[in-house]
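Participant: here is the input, now give the coordinates:
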Amino acid sequence: MTSTAQAPQSGARTAHPDHLGHVIFIAAAAAMGGFLFGYDSSVINGAVEAIRDRYDIGSAALAQVIAIALIGCAIGAATAGRIADRIGRIRCMQIAAVLFTISAVGSALPFALWDLAFWRIVGGFAIGMASVIGPAYIAEVAPPAYRGRLGSFQQAAIVVGIAISQLVNWGLLNAAGGDQRGKLMGLEAWQVMLGVMVVPAVLYGLLSLAIPESPRFLLSVGKRERAKEILAEVEGKDVDLNARVAEIEHAMKSEHKSTFKDLLGGGFFFKPIVWIGIGLSVFQQFVGINVAFYYSSTLWQSVGVDPTDSFFYSFTTSIINIIGTVIAMIFVDRVGRKPLALIGSVGMVVGLALEAWAFSYHLVDGKLPNTQGWVALVAAHVFVLFFALSWGVVVWVFLGEMFPNKIRAAALGVAAAAQWIANWAITASFPSLADWNLSGTYVIYTVFAALSIPFVLKFVKETKGKSLEEMG
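Facilitator: Presented below is the predicted three-dimensional model:
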């Protein structure tokens, strides 16, 4: 373990890059994988009812097709750390971009339901890889003083991807006369919605060609001079580069083989810190956030909102999501990660509880009563706002920072895989749960939001302002 006394010797703790704009560009390019995740998560929202109609399937089968991409995500997330340690972070991003491009084309041109499901798994694998590499890469290249804000680019990219996909879906739906199966460019509207994902996928690949490899990976393969050049780029020329390289190499001596085996121990299979990472991932998903992005159009239509308006409400929710994320980016390095998580948990409990109350009322002429309808709409936006300004950002920042160097890549992979599995569980179960009892479903999400409060208070340690070499 590197002693904390080494950090001031290199000046890393207080490092300020000579060209902050360049560092921001590097972080934003790496976070483009988050944009793909957000876009893919939400674009399917516009295709759900069309897929149900075209293939004449029930809620359970529909949920599996929608959620199956998350199985690919879990596999991609679990293997990405190891792949990145072998071939580099940048090469990993490029593989993800190619796979996602192929997936977008396949998803837009399916000849059967199983074919669509297969391409969603391929795209999911790519997104899972990108979800691990983005935060890890940003944490490795960002100066400690800026790491929280730059780390939050991952979530910022996710929410922008969600908003853009909702806007594109809304535009395409209007162009198709309000019919998800209406004709556009010789295809049905929902197919065009999925095909448009080619654009951000190609952009991600191009951006990965314009950013440098992680200094830590370069040092792991013996490229010291190139690592020094990049450290000077991202941390500034005032840093003692020789001391900084020595600091990183000292911390990496026990890190050169970050494997699953390293995570074991502590009496409950995994080490406690790994369980905490898994817990953060699971709670982030078990509050039901992705129901708002995978099924919001279907949800609003189920309580009497017409399809075009339901797409518009989905778009306004995504704008609130962006606003909350910007708030988190401003405060994550000022207030800290832990206080933001607690504030968000309290706000989510309130929003989810109000939604559960509103949905407990019987529909009148196919619609919620006026008061309950407005409460449901406002509460949905409150829930998304508090998620975005807290758990949406801080979990990604925590996962990029909290693990000791020796196990960071492997632990981040396991935690991210747990996040995808939890995401799959929520996504696959929602249609059937909603058919059973929509209000009861939201009560379940409320309980998980409430349980996240004691979890954070008891188990999660603040990582604000610490260098990665201080994490164990």
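
Participant: need the longest helix for the chain.
Facilitator: Criterion DSSP state H: the longest helix present in the chain is helix 408-459.

Participant: helices or strands next to that one in the packing?
Facilitator: helix 59-87, helix 113-141, helix 272-286, helix 291-294, helix 296-302, helix 337-359, helix 391-401 (3 or more Cβ pairs under 8 Å, 6 or more residues apart in numbering; DSSP states H and E). Bear in mind the C-beta positions are built from the backbone N, C-alpha and C, glycine included.

Participant: that helix vs helix 59-87, what angle?
Facilitator: 120 degrees (axes from the mean of the first three to the mean of the last three Cα atoms, to 10 degrees).

Participant: so how far is helix 408-459 from its chain's centroid?
Facilitator: Centroid separation between helix 408-459 and its chain, computed with Cα atoms, centre = their mean, to the nearest Å, is 14 Å.

Participant: and it, what's its mean pLDDT?
Facilitator: Averaged over helix 408-459, pLDDT sits at 88.

Participant: likewise stretch 311-330?
Facilitator: Averaging pLDDT along stretch 311-330 yields 85.

Participant: can I get that stretch in PDB? Just the C-alpha atoms.
Facilitator: Only the C-alpha atoms of stretch 311-330 are listed here, as PDB (Å, rounded to 0.1, in the frame of the first residue of the first chain):
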ATOM      1  CA  PHE A 311     -43.700  10.500 -25.500                       C
ATOM      2  CA  PHE A 312     -43.600  14.200 -24.600                       C
ATOM      3  CA  TYR A 313     -43.800  13.500 -20.900                       C
ATOM      4  CA  SER A 314     -41.000  11.000 -21.300                       C
ATOM      5  CA  PHE A 315     -38.900  13.800 -22.800                       C
ATOM      6  CA  THR A 316     -39.700  16.300 -20.000                       C
ATOM      7  CA  THR A 317     -38.600  13.600 -17.500                       C
ATOM      8  CA  SER A 318     -35.300  13.300 -19.300                       C
ATOM      9  CA  ILE A 319     -34.800  17.100 -19.200                       C
ATOM     10  CA  ILE A 320     -35.400  17.000 -15.400                       C
ATOM     11  CA  ASN A 321     -32.800  14.100 -15.400                       C
ATOM     12  CA  ILE A 322     -30.200  16.400 -17.100                       C
ATOM     13  CA  ILE A 323     -30.900  19.200 -14.600                       C
ATOM     14  CA  GLY A 324     -30.500  16.900 -11.600                       C
ATOM     15  CA  THR A 325     -27.200  15.600 -13.100                       C
ATOM     16  CA  VAL A 326     -25.800  19.100 -13.600                       C
ATOM     17  CA  ILE A 327     -26.700  19.900  -9.900                       C
ATOM     18  CA  ALA A 328     -24.700  16.700  -8.900                       C
ATOM     19  CA  MET A 329     -21.800  17.700 -11.100                       C
ATOM     20  CA  ILE A 330     -21.600  21.100  -9.400                       C
END
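
Participant: any chance of TSV for the helices and strands packed on helix 408-459, columns distance to Ala189 and mean pLDDT?
Facilitator: As requested, the helices and strands packed on helix 408-459 are arranged in TSV below (distance: least, Cβ to Cβ, whole Å; pLDDT from 0 to 100):
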stretch	distance to Ala189	mean pLDDT
helix 59-87	17	84
helix 113-141	15	89
helix 272-286	29	92
helix 291-294	18	76
helix 296-302	13	72
helix 337-359	29	94
helix 391-401	29	85
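
Participant: tabulate those helices (JSON lines), appending distance to Val326 and mean neighbour count.
Facilitator: Formatted as JSON lines, the helices and strands packed on helix 408-459 follow (distance: least, Cβ to Cβ, whole Å; neighbours: other Cβ atoms under 10 Å):
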{"stretch": "helix 59-87", "distance to Val326": "26", "mean neighbour count": "22"}
{"stretch": "helix 113-141", "distance to Val326": "17", "mean neighbour count": "25"}
{"stretch": "helix 272-286", "distance to Val326": "19", "mean neighbour count": "21"}
{"stretch": "helix 291-294", "distance to Val326": "18", "mean neighbour count": "24"}
{"stretch": "helix 296-302", "distance to Val326": "21", "mean neighbour count": "22"}
{"stretch": "helix 337-359", "distance to Val326": "13", "mean neighbour count": "22"}
{"stretch": "helix 391-401", "distance to Val326": "10", "mean neighbour count": "27"}
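
Participant: redo those helices as JSON lines? Include distance to Leu218.
Facilitator: Shown next, in JSON lines, are those (distance: least, Cβ to Cβ, whole Å):
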{"stretch": "helix 59-87", "distance to Leu218": "12"}
{"stretch": "helix 113-141", "distance to Leu218": "10"}
{"stretch": "helix 272-286", "distance to Leu218": "26"}
{"stretch": "helix 291-294", "distance to Leu218": "37"}
{"stretch": "helix 296-302", "distance to Leu218": "43"}
{"stretch": "helix 337-359", "distance to Leu218": "28"}
{"stretch": "helix 391-401", "distance to Leu218": "19"}
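
Participant: so what's Gln268 scoring on pLDDT?
Facilitator: Wrong residue type there; residue 268 is Phe, not Gln. The model's pLDDT for Phe268 equals 68.

Participant: re the thing from before, any idea of the angle the longest helix of the chain forms with helix 272-286?
Facilitator: Going by the same axes, to 10 degrees, helix 408-459 makes 80 degrees with helix 272-286.

Participant: just the angle between helix 408-459 and helix 337-359, please?
Facilitator: Angle of helix 408-459 versus helix 337-359, following the same axes, to 10 degrees, is 70 degrees.

Participant: low-confidence ranges, the stretch 151-300 of the chain, go.
Facilitator: Regions of the stretch 151-300 of the chain meeting the criterion pLDDT under 70 cover residues 254-260, 266-268.

Participant: and the helices and strands packed on helix 408-459: which comes nearest Tyr39?
Facilitator: Closest to Tyr39 of those, according to Cβ to Cβ: helix 113-141, at 9.4 Å.

Participant: give the residue farthest from the middle of this structure.
Facilitator: Using Cα atoms, centre = their mean, the residue of the chain lying farthest from its centre is Asp365. It sits 38.2 Å away.

Participant: look up how far Gly373 lies from that one.
Facilitator: Asp365 is 12 Å from Gly373, where distance means Cβ to Cβ, to the nearest Å.

Participant: rewinding a little: ok, now how distant is the residue farthest from the centre of the chain from Phe387?
Facilitator: With Cβ to Cβ as the criterion, Asp365 and Phe387 are 32 Å apart.

Participant: for Gly178, same thing?
Facilitator: Distance, Gly178 to Phe387, using Cβ to Cβ: 30 Å.

Participant: which of these two has more neighbours?
Facilitator: Neighbour tally, Gly178 and Phe387, criterion other Cβ atoms under 10 Å: the higher count belongs to Phe387, 28 against 13.

Participant: any idea which element that one lies in?
Facilitator: For Phe387, the enclosing helix or strand under DSSP states H and E is helix 370-388.
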